[in-house]
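Trainee: Pasted the sequence and its predicted model underneath.
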Amino acid sequence: MSINQKDIQKIAHLARINVSEEESRILETKLGSIMTMIDKMQEVNTDNVEPMSHALEVTQPLREDVVTEKDIRSNALELAPEVEQSTFIVPQVIE
Amino acid sequence: MINLSLKSLNQGLLEKKFSSVELTQFFLERVQKYNTDINAFITIDEEKSLAQAKHADTLIQSGKQSLLTGIPVAQKDIFCAAGWRTTCGSLMLDNFIAPYNATVIDKFNQVGAVNLGKTNMDEFAMGSSNETSYYGPVKNPWNHDLVPGGSSGGSAAAIAARLAPAATGTDTGGSIRQPASLCGFSGLKPTYGLVSRFGMIAFASSLDQAGPMAPSAEDCAVLLNVMAGHDEKDSTSINHDKEDYLVNLDQSVKGLRIGVPKEFFEEGLDGQVQQVIEDALNTYKKMGAELIDISLPNTHLAIPVYYVIAPAEASSNLSRYDGVRYGYRAKEYDDLMDMYFKTRQQGFGEEVKRRILIGTYVLSAGYYDAYYLKAQKIRQLISNDFKKAFQQCDVIMGPSAPSVAFKANEKKSDPLAMYLQDIYTISTNLAGLPGMSIPAGMVNNLPVGLQLIGNYFKESQMLNVAHAFQQETDWHQKVPKGVI
């Protein structure tokens, strides 16, 4: 399965990554060869095979909904690119 | 102090031959001296390391020590360590100071081990040569023109050059075992779920697993004793009975059934590497083990399956890097969307973006069944191969990597050639099995690793089997010229 420029623009948009025209040309070749390698999978008959999502047969554990962590609010806010009045600042999204 | 085992270092501390401060200072000086050249560490913080060493000395003074107390351990820069810059090898996290500890870091702190610094790695652990790091490539101490392997390349070079007595790594498709093979020491990827992933920056969550890296199997056992254990903070952590990985080390391998998969010795394996592996297998035979021919027929599908599953999970995991709450944000942008697009374009390197895009593609509407679901089904087939094999044998052995260390830039621009580095290691991650690499010989003065694959939770047995080999041979004690 080959990947064309249109595919690349579409997935780059979904992944929220800017891709320049030059990058897109390079990606077409490289992603194309990776997808060709991946396509080897299609030769295998997988009828009646259960998909495997986890190595061991385990179920999702549950725990009591209690606070276990100490408050690191101020440390967390210090890490943000832009903060005002204890909130993360992003470009205006609502007129 | 330079070439002592962890047990001997512990002995030295207890007998007051040296203090933890002296030991830490010694390794920090080595790092200062050699790191400019080798580039094994991204962050060094002498003040923090020495404060931990001082604390360790008081623990030892008051008799509250355990085996690793006061011993410096280099930490892969994928583990969050409170107050330490934690970059994951990426510009995206260049300014990130971890506000909390990964469970692995917590566990080392609890026993009074010293964090010697954060080691270089491929960006977000995506790579097999440490050439995708934002902080530049790492040199292989055996030959500076060659790569150390990856993604745990900084930890690997640190061990090989004896800049640290021990280190941690993580392994999603071979990132502990392949560098252990290329740099000539012992490295273990435990059963999926044995070591907590909490605070370990996620790449592919169903495959990622942390493990020890050190010269010998015995050292790895000492480290695993600290690292393993159930953690409520990681929902995929397994509640497995706590084991002491040191107690079975000295058992005999007489009667051990070693499965040798024919698929690991086919086209693609370097002839001289093959010879070393065959010699190692014969050593085991001489020690009383039995070699059994086995087959893992779906081995050739491991790479295609991995390059669907790992990028798919990565594309989801790395969606958190949006320039809003932490990490890199583009300097100039028009609106929120533009900020996301530019932040991620600039903050991620080429290989990471490639994998995010592949992952996004295989998960996108219309392709999910053909790729992701198909890959999960073949993952099951690969896992079944191992289940069948373990009915015939106790442990599986083969090469860890298809060749010895290769030249820098040799495979950098060819992703497919690079991906083949992990051809023998990836299938164990897909199956969730433990895998280990130990030094088995040399080709042209470069180390070759023998891979051991065990059944689920058989780490104790694998360490025993590796230790037995290291009683017969001294490959694990070899160091590059000029290091000692």
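Mentor: Yep, that arrived. Worth saying up front: this structure is predicted, and the values here are computed from it rather than measured. Residues are numbered from 1 along each chain as shown, chains lettered A, B, ... in the order given.
Trainee: For B:Leu116, see how far away whichever residue of chain B sits closest to chain A is.
Mentor: In chain B, the residue that lies nearest chain A is B:Gly432 (2.1 Å; C-beta to the nearest C-beta). All C-beta spots, glycine's among them, are computed from the backbone N, C-alpha and C. Here B:Gly432 is placed at a distance of 30 Å from B:Leu116 (C-beta to C-beta, to the nearest Å).
Trainee: Look at the residue of chain A found nearest chain B and report its pLDDT.
Mentor: Proximity of chain A to chain B (C-beta to the nearest C-beta) peaks at A:Ala55, 2.1 Å away. Looking at A:Ala55, its pLDDT is 79.
Trainee: Roughly how far does it sit from B:Phe124?
Mentor: A:Ala55 is 21 Å from B:Phe124, by C-beta to C-beta.
Trainee: of these two, who's got more company?
Mentor: B:Phe124 (31 against 23; other C-beta atoms under 10 Å in any protein chain shown).
Trainee: What are the neighbouring residues in contact with the more buried one?
Mentor: B:Cys88, B:Gly89, B:Ser90, B:Ile201, B:Phe203, B:Ala314, B:Leu318, B:Val352 (C-beta atoms under 8 Å, 6 or more residues apart in numbering or on different chains).
Trainee: After the helix or strand harbouring B:Leu224, which helix or strand is next? Please name it.
Mentor: B:Leu224 is part of helix B:217-227, with elements assigned from DSSP states H and E. Where DSSP H and E defines the elements, the next helix or strand beyond helix B:217-227 is strand B:257-261.
Trainee: so B:Asn239 makes contact with B:Asp231?
Mentor: No - between B:Asn239 and B:Asp231 there is no contact under C-beta atoms under 8 Å: 9.6 Å.
Trainee: Looking at the two, which is more packed in?
Mentor: Neighbour tally, B:Asn239 and B:Asp231, criterion other C-beta under 10 Å: the higher count belongs to B:Asp231, 22 against 11.
Trainee: Without its sequence neighbours, what residue ends up closest to that one?
Mentor: Excluding its sequence neighbours, the residue lying closest to B:Asp231 (C-beta to C-beta, 6 or more residues apart in numbering or on different chains) is B:Ser196, at 3.5 Å.
Trainee: how near is that neighbour to A:Val67?
Mentor: 20 Å.
Trainee: cool, B:Ser5 as well?
Mentor: Taken as C-beta to C-beta, the span from B:Ser5 to A:Val67 is 43 Å.
Trainee: Enumerate every residue touching the residue of chain A closest to chain B.
Mentor: Counted by C-beta under 8 Å, 6+ apart, A:Ala55 has contacts B:Thr191, B:Tyr192, B:Gly193, B:Ser206, B:Ser383, B:Leu430, B:Ala431, B:Gly432, B:Leu433, B:Tyr456.
Trainee: neighbour-wise, which of those leads?
Mentor: Greatest neighbour count in those, by other C-beta under 10 Å, goes to B:Leu430: 29 neighbours.
Trainee: May I have the secondary structure class of it?
Mentor: State at B:Leu430, reduced to three classes by DSSP: H, G, I helix; E, B strand; the rest coil: helix.
Trainee: Can you check the pLDDT for it?
Mentor: 97.
Trainee: Could you do B:Gly271 as well?
Mentor: pLDDT, B:Gly271: 97.
Trainee: State the mean pLDDT of the longest helix anywhere in chain B.
Mentor: In chain B, with assignment by DSSP state H, the single longest helix is helix B:20-38. The predicted model assigns helix B:20-38 a mean pLDDT of 97.
Trainee: Can you pull up the most central residue in chain B?
Mentor: B:Ile176 (2.4 Å; C-alpha atoms, centre = their mean).
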